[in-house]
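Asker: Starting from these lines, generate the structure:
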Amino acid sequence: MGHTSRLARYSGIDLESDRSDPILVCIGQLVVDVVVKDVSNRWPDGSWTQEDCSISIQIGGAPLHACAGFGDAGYGSVVVSLLGGAEAIQGGVRPDDLGQYVLACLEQRGQAYDLEIRAGVPTGRIVLLYPRHVGRVMLTDAPGLARMSPEHVAGAIERAAAARRPLVVSLSGYVQFEDTFAEISAAVRSAAKRTGALLWIDVVPHDIYQDISFADFLESVREADILSIDEETCEGFAGSSGTSLSRVISRLCELESTLFVSRPDGLVLACGEQRSTMIPEDHQSGSGLPGHGDRLVAAAVARHVRARFRDAADRSTQVR
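Answerer: Numbers count the residues shown, from 1 in each chain. Sure, this is the predicted structure:
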């Protein structure tokens with residue numbers, strides 16, 4: 001497995017702030033995004049030059065976008081990840097140039113992090129091509145999260161829980177539904193239960209409906225306190241199970257989870273029989289860019305969680 005080390009920075013979490021403000025612990029993979037946008041309309045003849053496109057480099061990954069959404073709502077977050085791109089040195093490991101770039105970006109954003117670095121594992125890189133009229137093409141060489149240790153994940157959740165604030169632990173669908181990440185998923189669910197954290201399973205746009213039945217999917221997310229899923233994935237389950245979209249959403253509402261369904265025109269919040277549509281003011285701003293949808297969903301989840309805990313605190317006060 002190679003030499004490992006831990007890098008952590010929690011100074012972005014104000015432990016003295018309002019105790020009803022939630023903290024998000026988001027487990028996933030940090031990557032470096034190379035975003036290439038066509039400005040010449042010459043796609044797809046394959047003859048782009050530097051003059052034909054704009055190129056930007058930034059850190060990304062679903063966990064970081066979710067943390068940004070919590071920040072949009074005014075609340076703290078910790079991104080927990082495997083940071084590859086490390087090189088062995090005497091007595092341990094240190095990030096290589098690309099890993100140091102990721103750390104510098106996190107520091108600049110004031111983003112709290114708890115990272116495991118491992119020598120011999122490259123920092124993930126994703127190239128995102130945005131042709132002017134043809135959607136998006138994504139190329140990735142990101143390493144597998146299975147190389148992150150379950151002990152690191154559980155420890156990060158417990159360290160955040162020490163703040164004694166409402167805690168939300170986010171588990172990506174890419175982790176929850178992949179057999180190779182089973183140990184990571186189990187560690188997240190166990191630590192969330194042990195610390196009393198709310199478990200948020202974010203299905204993300206996913207073709208899971210091609211791999212398991214809708215009944216098995218429902219069973220796999222039954223532990224979730226909060227479930228977010230996009231409408232396209234719901235439509236996929238409707239097609240694979242021979243039923244309607246409305247029936248799929250109704251079945252999801254039968255779970256005890258708070259349900260968020262993301263749609264092109266906004267977010268749908270469904271709690272049991274009560275449904276409401278929330279359309280963020282900026283839902284079109286940045287639409288189609290990396291992480292835009294993740295960020296909107298996370299901001300909605302953050303506001304819901306704060307209201308949920310404040311309602312619980314008010315009821316406790318009334319009982320007393």
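Asker: List the neighbouring strands of the least confident helix or strand in the chain by mean pLDDT plus their orientation.
Answerer: Here the helix or strand of the chain ranked lowest by mean pLDDT, DSSP states H and E is strand 274-278, holding a mean of 72. Partner strands for strand 274-278, per DSSP bridges, with pairing direction: strand 266-271 (antiparallel).
Asker: Okay, helices next: where are they in the stretch 1-150 of the chain?
Answerer: Ranges of helices in the stretch 1-150 of the chain, per DSSP state H, counting those that start in this stretch, are 62-72, 97-109, 150-161.
Asker: Run through the neighbouring helices and strands of the last one.
Answerer: Same thing as helix 150-161. Applying 3 or more C-beta pairs under 8 Å, 6 or more residues apart in numbering; DSSP states H and E, one finds that helix 150-161 makes contact with strand 4-9, strand 23-29, strand 76-89, strand 112-119, strand 167-172, helix 182-195. Placement of C-beta: from N, CA and C, glycine included.
Asker: out of the ones you listed, nearest to E232?
Answerer: Proximity to E232 (C-beta to C-beta) singles out strand 167-172 among these, at 16.8 Å.
Asker: Report the inter-axis angle for that closest one versus strand 23-29.
Answerer: Strand 167-172 and strand 23-29 are oriented at 20 degrees to each other (axes from the mean of the first three to the mean of the last three C-alpha atoms, to 10 degrees).
Asker: if we can go back for a sec, CA atoms only: put the least confident helix or strand of the chain into PDB for me.
Answerer: The C-alpha trace of strand 274-278 is given here as PDB (Å, rounded to 0.1, in the frame of the first residue of the first chain):
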ATOM      1  CA  GLN A 274     -45.900  16.900   1.900                       C
ATOM      2  CA  ARG A 275     -44.100  18.100  -1.300                       C
ATOM      3  CA  SER A 276     -42.700  21.500  -2.100                       C
ATOM      4  CA  THR A 277     -40.600  22.800  -5.000                       C
ATOM      5  CA  MET A 278     -37.700  25.000  -4.200                       C
END
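Asker: ok, the spatially most central residue of the chain - contacts?
Answerer: The residue lying closest to the centre of the chain (C-alpha atoms, centre = their mean) is P63, at 3.5 Å. Contacts for P63 were tallied using C-beta atoms under 8 Å, 6 or more residues apart in numbering; they are 26-30, 79-81, 170, 172.
Asker: Repeat that for R275.
Answerer: With contact taken as C-beta under 8 Å, 6+ apart, R275 is in contact with 253, 268-269.
Asker: can you redo those as a markdown table with distance to R310 and pLDDT?
Answerer: Converted to a markdown table, the contacts of R275 look like this (distance: C-beta to C-beta, whole Å; pLDDT from 0 to 100):
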| residue | distance to R310 | pLDDT |
| --- | --- | --- |
| C253 | 24 | 90 |
| V268 | 23 | 82 |
| L269 | 17 | 82 |
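Asker: Reformat these as a markdown table; add neighbour count and distance to F177.
Answerer: Converted to a markdown table, the contacts of R275 look like this (neighbours: other C-beta atoms under 10 Å; distance: C-beta to C-beta, whole Å):
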| residue | neighbour count | distance to F177 |
| --- | --- | --- |
| C253 | 17 | 21 |
| V268 | 17 | 22 |
| L269 | 18 | 23 |
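Asker: Tell me the one of these nearest G110?
Answerer: Proximity of the contacts of R275 to G110 (C-beta to C-beta) peaks at L269, which lies at 29.0 Å.
Asker: What's opposite the closest one in the beta bridge?
Answerer: Taking DSSP bridges as the rule, L269 bridges to F260, S276.
Asker: That one contacts S262, doesn't it?
Answerer: No: applying C-beta atoms under 8 Å, one finds L269 not in contact with S262, separated by 10.4 Å.
Asker: How about the contacts made by the residue nearest to V261 when sequence neighbours are not counted?
Answerer: Counting by C-beta to C-beta, 6 or more residues apart in numbering, V261 lies nearest to V268, which is 4.2 Å off, once chain neighbours are set aside. Each residue near V268 by C-beta under 8 Å, 6+ apart is listed here: 260-262, 275-278.
Asker: Of those residues, grab the buried ones for PyMOL.
Answerer: Filtering these down to the buried ones (16 or more other C-beta atoms under 10 Å) takes a single PyMOL command:
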select buried, resi 260+261+262
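Asker: For the contacts of V268, give me JSON lines that also has distance to H3.
Answerer: JSON lines is the format used below for the contacts of V268 (distance: C-beta to C-beta, whole Å):
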{"residue": "F260", "distance to H3": "40"}
{"residue": "V261", "distance to H3": "44"}
{"residue": "S262", "distance to H3": "40"}
{"residue": "R275", "distance to H3": "51"}
{"residue": "S276", "distance to H3": "51"}
{"residue": "T277", "distance to H3": "50"}
{"residue": "M278", "distance to H3": "46"}
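Asker: if we take the contacts of P63, which one ends up nearest to A300?
Answerer: A300 has its nearest neighbour among the contacts of P63 in S170, at 13.1 Å by C-beta to C-beta.
Asker: ok, the closest one - contacts?
Answerer: With contacts defined as C-beta under 8 Å, 6+ apart, S170 is in contact with 24-28, 63, 66, 200, 202, 298.
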